[in-house]
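K.L.:
What would the 3D arrangement of this be:
(chains A, B, C and D)
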Number of protein chains: 2
Amino acid sequence: MIDREDAARGSNVTISDMLCFALYSASRAAMDVYRPLLDELGLTYPQYLVMMVLWEHETCSVKEIGQILHLDSGTLSPLLKRLEGIGFISRQRRASDERVVDIGLTESGRALQTQASKVPEQISCQYGIEFDEYRELLSRLKKLTNHLSTNS
Amino acid sequence: MIDREDAARGSNVTISDMLCFALYSASRAAMDVYRPLLDELGLTYPQYLVMMVLWEHETCSVKEIGQILHLDSGTLSPLLKRLEGIGFISRQRRASDERVVDIGLTESGRALQTQASKVPEQISCQYGIEFDEYRELLSRLKKLTNHLSTNS
DNA sequence: TTGCATTTGATTGTGTGCTATATAATTGTA
DNA sequence: TACAATTATATAGCACACAATCAAATGCAA
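P.N.:
A predicted model of the protein is given here:
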């Protein structure tokens, strides 16, 4: 927990001291690195995330995708519609439970994985950090996110 | 730099391995913690950031705010207009260089700082990490952002 | 002095991401 | 069996965030 004294000097906290702002900036900077590579695939970053989920799982419900990516249906429904419109996914109601919409890959969507498989290696050399540090940072971020998401 | 072998197995990279996704999730989780507190101030998170800049600097040009927050004028212009509409800031063209718009605080905007000064202390106990770790993470994130922003 | 290059901010269009709400379907309880 | 509670998804509205473009103003070189 942050030092009580530091917190007490709340009005002296500047933007540089804010972990939230550092996360916000780092997140956008990382997405900036992805953007040109994803532009070549015809995807935005959130669309790429959904494709990553489907390349890994082949088929998911909207709810499952939402749980994996921490996105709610208000965000996912229009996003999935756009991906369907582009032709990378298919959407269909589950016969056994018509509340559920199953999301699957089309042939185009599957084929895109070949090109997309180059993205991680293209990205990895741009982070400029050693693999150990990458793993350490990844681990701390996951822990932080889990904590923030469950302690509200 | 990430291990070449790991990068070569690019198609085996899952979302859990992605630093970018970890940043994206952590950023949104952190903003989720701010939201109820900022709702009480009548501010969104990006608006709060702008107010933080102005509480620190009193007056800034649009360009300066953009540089501090890494936001461009396409994002800032409507955001500042909304803050002006709420009555927390004023906008006015600089007489000596009419390309520049100076952003200042109104009395309401200044007064808001008193309430807002409680936010950091309210937030700090929710991160669930020791102060040393907070500082360490902050430092690594800044380094990463600087690296990503300058090596493209 | 003039004209081109550059800078600053604004606008438009698009894609999220969040909140609130609506609709339809399933589950659970009396 | 019937109805209330719950679940899943979709829609609407709003606030960004980015790209592209435009207009106005300033700076600089010839």
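K.L.:
Only C-alpha atoms from now on, for both contacts and neighbour counts.
P.N.:
OK.
K.L.:
part of a helix, is A:Arg93?
P.N.:
No - under DSSP: H, G, I helix; E, B strand; the rest coil, A:Arg93 falls outside any helix and is assigned strand.
K.L.:
roughly how far apart are it and A:Val100?
P.N.:
6 Å (Cα to Cα, to the nearest Å).
K.L.:
Over to A:Leu41?
P.N.:
29 Å.
K.L.:
Repeat that for A:Met51.
P.N.:
19 Å.
K.L.:
More neighbours: which of the two?
P.N.:
When A:Met51 and A:Val100 are compared for neighbours, A:Met51 comes out ahead with 25 against 15, by other Cα atoms under 10 Å in any protein chain shown.
K.L.:
what ranges do the strands span in chain A?
P.N.:
A:59-61, A:89-94, A:97-105 (DSSP state E).
K.L.:
just how off-centre is the shortest one within its chain?
P.N.:
So the one you mean is strand A:59-61. 16 Å (Cα atoms, centre = their mean, to the nearest Å).
K.L.:
Which parts of chain A are helices?
P.N.:
A:4-8, A:19-41, A:45-57, A:62-69, A:73-86, A:107-116, A:119-124, A:131-150 (DSSP state H).
K.L.:
contact partners of the longest one?
P.N.:
To tie it back to what came earlier, the one meant is helix A:19-41. A:15-16, A:44-45, A:48, A:112, A:115-116, A:119, A:123, A:126, B:20, B:23-24, B:26-27, B:30-31, B:69-70, B:134, B:137-138, B:141-142, B:144-145, B:148-149, B:152 (Cα atoms under 8 Å, 6 or more residues apart in numbering or on different chains).
K.L.:
quick one: contacts for the most centrally placed residue in chain A?
P.N.:
Geometric centre of chain A, nearest residue: A:Leu49, 5.0 Å, by Cα atoms, centre = their mean. Applying Cα under 8 Å, 6+ apart, one finds that A:Leu49 lies in contact with A:Leu69, B:Ile15.
K.L.:
Does A:Val50 touch A:Ile65 like I think?
P.N.:
Yes - using Cα atoms under 8 Å, A:Val50 is in contact with A:Ile65, at 7.1 Å.
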